[in-house]
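Visitor: Give me a 3D structure for the following:
(2 chains)
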Amino acid sequence: MDQAKTQNVKMRKLWGRVCSWLSRPANVILLVFLIALAALTLYPLLSMLMETFTIHVGREARAAKEAAGTLSLYHFQRLFATSENDYSWIQFYQPFLNTLIVSLSASVIAILFGGTVAFLVTRTNLKYKKFVSAVFTFPYIMPSWTLALFWEAFFKNVNIGLKTSNGIMAAVFGVYMPEWFVYGAFPIALVLGLHYAPFAYILIGGILRNMDANLEEAATILRTSRPRIIWHITLPIVKPAMLSTFLLVFASSMSAYSVPVFLGSPVRYYVLSTKMKSLMDSYPGQAYIIVAVMILFGVGILLLNQKVTNSRKQFTTVTGKSGQISKINLGKANLPVAIILVIILVMVAVVPLITFAMESVIVKAGDYSLSNMTLDFWIGTNLQERLDQGDSTGILLNPKVWNALGYSLGLAATCSLIAGTCGILVGYGVAKRRGSRFSSWVNSLSFFPYLMPSLAFGAIYLAMSSKIPWLRGFLLLGLVGSVKYLPFASRSGVNAMLQLSGEIEESAVITGVPWWKRMARIIVPIQKSSFLSGYLLPMVSCMRELSLFVLLVPTSNTILTTMLMQYSEKGWAQFGNAINLLIIIVVLLVNFIVNKLTGASIDKGVGG
Amino acid sequence: MKKFAALVLALIMALCAVHALADVAADVEAGQAMTHDELVEKALAETGTFVVYGNTSRISTAAEEFAALYNIPYEPSNLKDQEIYTKLRNESGSAAADMVMIQDGAQLADAIDEGLVINFVPASMKDALDEADQQPALVHQYINKLFIYNNKGDNVPAIKNVWELTAPEMKDCVIFKNPENEKVNMNFLVMCTKPEWADKLAEAYKAWKGEDIDLGSYKNAGYKWVAEFLDNVIFGKSDTTIAEEVSQDTATGKIGLFVLSKLRSSSVLTDNLTVAQYDATVNGYTVEPFAGFMYPMYTMVNTKATRPYTAMLFIEYLMTQEGFKPWGKSIGAYSPNGAITVNEGDLTIDVWKNTLVMEDADYILENFEVEDFILQHCQK
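Guide: Numbering: from 1, shown residues only, chains lettered A, B, ... in the order given. Below is the predicted model:
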């Protein structure tokens, strides 16, 4: 009897604890997201891991001499330990080393370039700041292959690569760049570094802009030298942001596909992502092992990142106290530094756009004379009769293009709405329960999709959709996009919430204001621009996404990027360039409009 | 109880899938014996959008004209081979393609074994086509990739023997699409190692050098040619890019191995290009032992088709003169239907069959490990 009573009391206590635990909104949010993310990210991961042990039908079954569907270690043995024809070296070790070199270099370039510019813009009296600030995020907004294509078109010459034609540099200026500069590790790392430098700019710049001026002021009062202040105060404060940038750039560079293809293939420089793609065709088991290796590396850096984030070396930068940060006077160096910066930015952000515009109006490649120019590829009609290639009308008169544009915009808006909202909630839950294991799990899971290469992520979702009849079309694309871009929004949400001092919400909690009201009246208004920017990043990324959607779109004309890929594949360069330019213009326009209407911008997205 | 329910559900789903596959297979079997009018009647009774996948861009034009003819809602998609196979494996219901047009005979043989696609030969075409073009898969057309060189400057690589491409002076002068990125290119290189072609390559070597070939560690002359050819090659991004680049005024001394039909592109400076086999035909010599390679493009019905009769009707349409129009108006595509003649200025399919390496899916499937050897030589 007593035992039953004790049991009852225990149960009641437990129930009470559960109720009390669930009464905290942060806990409910974390629980819901833990379950949802486990299904949407862990399940794909596990099914992918299963693929690494499964013998697939066709070539794999023949090569392994095993029945399709059997579980085996064959793929591991083949990829890691086959010396015949240097197989393992060619398919894994060499590309692995190349990937490490490229990804590490790209991360260093992004941090150095983005960090320096962030410092110059936020902490000095640099000239033309507005221009620098506005244009710096362009390379990220543009699809990554944009810069790669531009690099090749600009620097190629008859001594390198295909050795068939001269780019602008050789044709106009007579300067013939060496092969290492145009193809291979250096340009791949540089292009990726420049493409992802906005991450560094956003993350490091966000902290530098918001950091408490008291620390530096105290040092200045104590007559500490400027370099010493930077080394001992500024750098330690931005260290977590630098590590975050490293994580983001390294993981992105590791899974980047188009840049290594464009700038590596002509000199036979292969990385893991290019090998993964070609292996996926015949030996998917080995391709998935490569994906697993990429993820493993990403997780390693993520753990390192978390160790720093969870340690005491994390700084609250929005305290409610204001501070005027003293700006460094660049003196005589100001103008030269500003001019150099403007030239670099014009080269990487503006000239490519002009090049695409030019390439979309010339008929014969390489001939830039007026007689070879036409607007047919934009507004022409009956083109198939005259050119015998491409579509019958220019892209602006083609209903397929407008439909694809509408679909792309709708998809991007959906993904950004879902990912952005989830990001705020995850941010709230993680920040409020910071330090708990629960919060750490959700935080990691929400970031996990970032570490999965887009192509593999798409392939896994395609396989998943085959088992769920209603999961297809827009719904499938919307779901995969929302999950894949959740990391952007959740990072943005977590960072924005971590910046908020607990005391901001405390008074409302004490007076019994309900959670939703606290969110709507206090938290969202304070960090409004950060949150809105958290919506913008998924939107922009989704608009220019290709690898993630390529297997999932109902037809290749469904969205603009797959349409662009189709045109490029077929060699309809002018149509391709015109659509590429259209994508960039639309993305810039969306960014601009959202910025003007709400004050949100990408550069506030990650760093707050 | 839950386990039981899941089991029943899985069983029902599996039965539904088997039923659907069996349905399409039965429809295709019935369709093989139908007249054109019967196919039309059945196709028009079907509902939903007619979905077509193809790795030739001109499938869109053909589908558009076909759909207009019968007033059928349609959606064509231009995809790469591998994307088509991946989608075939994973898509079902209204999202799945009804019909595919696809290359790479070796992979298609696997897809047929796997039950992804079914062959359909229209009754009206049975007598018009060779048996080899009907089974195991219906060939819609043959496509050729030829040695085509820049004819400007003093160092025109007007080859008469493919061993010339392996000479040290041809280093970095030969442009080809990476065989890792397009399987038909890989298939061609594998075919070169087939004893039949290896013997021809050995003879060609003797004709070129005036002495018997020294194989060294190579298994046969095919392996040696492939290795030395790839050592001299630069990989281009796409056949169009290769055509454009080789045709540049600045590309003297360069030769490409790419799709002949790319010469139709307005961005290619065709006056700067000479097709090796055309020159050989005009001047009465042969390019030893081959002037390039040729592979079939197949049409198949998806086993998960929701409009199988429309797919069959479309396949029948594609095999006719009218359906072949999008390809037939320029050089480089050859119908196995003898009634459809080649374009003016082009050579007949029989000439090409005798001068080019033809894809043999059986040999490629049996000798897939040759690909490892080829990959080794695709490195620096």
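
Visitor: Under the pLDDT cut-off, which ranges of chain A? List them.
Guide: A:1, A:212-213, A:309-326, A:365-366, A:384-390, A:569-571, A:600-608 (pLDDT under 70).

Visitor: so the residue nearest to residue B:60 when sequence neighbours are not counted, which of the three states?
Guide: Nearest non-adjacent residue to residue B:60, counting by C-beta to C-beta, 6 or more residues apart in numbering or on different chains: residue B:76, 4.4 Å away. To be clear about C-beta, it is placed using only N, CA and C from the backbone, and glycine gets the same treatment. Counting by DSSP: H, G, I helix; E, B strand; the rest coil, the backbone at residue B:76 sits in strand.

Visitor: Can you give me the neighbour number for residue B:76?
Guide: Using other C-beta atoms under 10 Å in any protein chain shown, residue B:76 has 25 other residues around it.

Visitor: What separation is there between it and residue A:555?
Guide: Residue B:76 sits 7 Å away from residue A:555, going by C-beta to C-beta, to the nearest Å.

Visitor: what's the overlap in contacts for the two?
Guide: residue B:51 (C-beta atoms under 8 Å, 6 or more residues apart in numbering or on different chains).

Visitor: if we can go back for a sec, so the residue nearest to residue B:60 sits against residue B:52, correct?
Guide: Yes: applying C-beta atoms under 8 Å as the test, residue B:76 and residue B:52 come out as touching, 4.6 Å apart.

Visitor: between the two, what contacts are shared?
Guide: What both residue B:76 and residue B:52 touch, as defined by C-beta under 8 Å, 6+ apart, is the set B:59, B:63.

Visitor: how many neighbours does residue A:512 have?
Guide: So residue A:512, with other C-beta under 10 Å, has 6 neighbours.

Visitor: What of residue B:48?
Guide: Neighbours of residue B:48 using other C-beta under 10 Å come to 13.

Visitor: for residue B:33, same thing?
Guide: 8.

Visitor: quick one: contacts for it?
Guide: residue B:123.

Visitor: Backbone torsions only: list them for it.
Guide: As for residue B:33, its main-chain torsions (degrees, to the nearest 10) stand at phi -100, psi 0.

Visitor: Quick check: it vs residue B:120, distance?
Guide: Counting by C-beta to C-beta, the gap from residue B:33 to residue B:120 is 11 Å.

Visitor: any idea how far residue A:43 is from the residue lying closest to residue A:284 once chain neighbours are set aside?
Guide: Nearest residue to residue A:284, sequence neighbours excluded (C-beta to C-beta, 6+ apart): residue A:56, at 5.4 Å. Residue A:56 sits at a distance of 20 Å from residue A:43 (criterion: C-beta to C-beta).

Visitor: neighbour-wise, which of these two wins?
Guide: residue A:56 (19 against 13).

Visitor: For my notes, confirm that one occurs in a strand.
Guide: No: counting by three-state DSSP, one finds residue A:56 to be coil, located in no strand.

Visitor: tell me the contacts of it?
Guide: Neighbours of residue A:56 in contact, by C-beta under 8 Å, 6+ apart: A:68, A:283-285.

Visitor: most centrally placed residue in chain A?
Guide: With distances taken as C-alpha atoms, centre = their mean, residue A:252 lies nearest the centre of chain A, 6.2 Å away.

Visitor: for the closest residue to that one other than its chain neighbours, what are its contacts?
Guide: Distances taken as C-beta to C-beta, 6+ apart place residue A:196 nearest to residue A:252, at 5.8 Å, with adjacent residues excluded. By C-beta under 8 Å, 6+ apart, the contact set of residue A:196 is A:106-107, A:110, A:114, A:140, A:245, A:248-249, A:252-253.

Visitor: what's the next secondary structure element after the helix or strand hosting residue A:196?
Guide: Residue A:196 is part of helix A:185-210 when elements are defined by DSSP states H and E. Downstream of helix A:185-210, the next assigned helix or strand under DSSP H and E is helix A:213-221.

Visitor: export the next helix or strand after that following helix as PDB, just CAs?
Guide: Counting by DSSP H and E, the element after helix A:213-221 in chain order, helix or strand, is helix A:226-229. Presented in PDB, the C-alpha positions along helix A:226-229 are these (Å, rounded to 0.1, in the frame of the first residue of the first chain):
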ATOM      1  CA  ARG A 226      46.700  51.100 -31.000                       C
ATOM      2  CA  PRO A 227      48.300  47.900 -32.200                       C
ATOM      3  CA  ARG A 228      48.300  46.600 -28.600                       C
ATOM      4  CA  ILE A 229      44.600  47.400 -28.300                       C
END
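
Visitor: Output the contacting helices and strands for helix A:226-229.
Guide: Contacts defined by 3 or more C-beta pairs under 8 Å, 6 or more residues apart in numbering or on different chains; DSSP states H and E place helix A:226-229 against helix A:213-221.

Visitor: Can you give me the buried ones in the helix it packs on?
Guide: Neighbour-count burial for helix A:213-221 flags A:215-216, A:219 (criterion: 16 or more other C-beta atoms under 10 Å in any protein chain shown).

Visitor: Parallel or antiparallel, list what pairs with the lengthiest strand in chain B.
Guide: Looking across chain B with DSSP state E, the single longest strand is strand B:138-150. Using DSSP bridges, the strands paired with strand B:138-150 in its sheet are strand B:255-259 (antiparallel), strand B:273-275 (antiparallel), strand B:292-302 (antiparallel), strand B:333-334 (antiparallel).

Visitor: Against which helices or strands is the helix or strand following the last one packed?
Guide: In other words, strand B:333-334. Per DSSP H and E, the first helix or strand lying C-terminal to strand B:333-334 is helix B:349-355. Using 3+ C-beta pairs under 8 Å, 6+ apart, the elements in contact with helix B:349-355 are strand B:138-150, helix B:276-283, strand B:292-302.

Visitor: any chance of the ones you listed in a markdown table, with distance to residue A:308, mean neighbour count and mean pLDDT too?
Guide: Below are the helices and strands packed on helix B:349-355 laid out as a markdown table (distance: least, C-beta to C-beta, whole Å; neighbours: other C-beta atoms under 10 Å in any protein chain shown; pLDDT from 0 to 100):
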| stretch | distance to residue A:308 | mean neighbour count | mean pLDDT |
| --- | --- | --- | --- |
| strand B:138-150 | 54 | 25 | 97 |
| helix B:276-283 | 62 | 17 | 94 |
| strand B:292-302 | 52 | 24 | 96 |
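
Visitor: residue boundaries of the strands in chain B?
Guide: Going by DSSP E, chain B shows strands at B:50-54, B:74-78, B:99-102, B:117-118, B:138-150, B:174-177, B:233-236, B:255-259, B:273-275, B:292-302, B:333-334, B:357-358.

Visitor: again, but for chain A
Guide: Under DSSP E, chain A gives no strands.

Visitor: Next up, the contacts around residue 72.
Guide: All of this refers to chain A. A:53-55, A:64, A:66.

Visitor: not what I meant, chain B
Guide: Per C-beta under 8 Å, 6+ apart, neighbours of residue B:72: B:43-44, B:50, B:66, B:310.

Visitor: For residue B:325, state which of the residues you listed is nearest.
Guide: residue B:66 (10.9 Å; C-beta to C-beta).

Visitor: gap between that closest one and residue B:313?
Guide: Distance from residue B:66 to residue B:313, by C-beta to C-beta: 8 Å.

Visitor: So between these two, which is more surrounded?
Guide: Taking neighbours as other C-beta under 10 Å, residue B:66 and residue B:313 compare with residue B:313 leading, 29 against 22.
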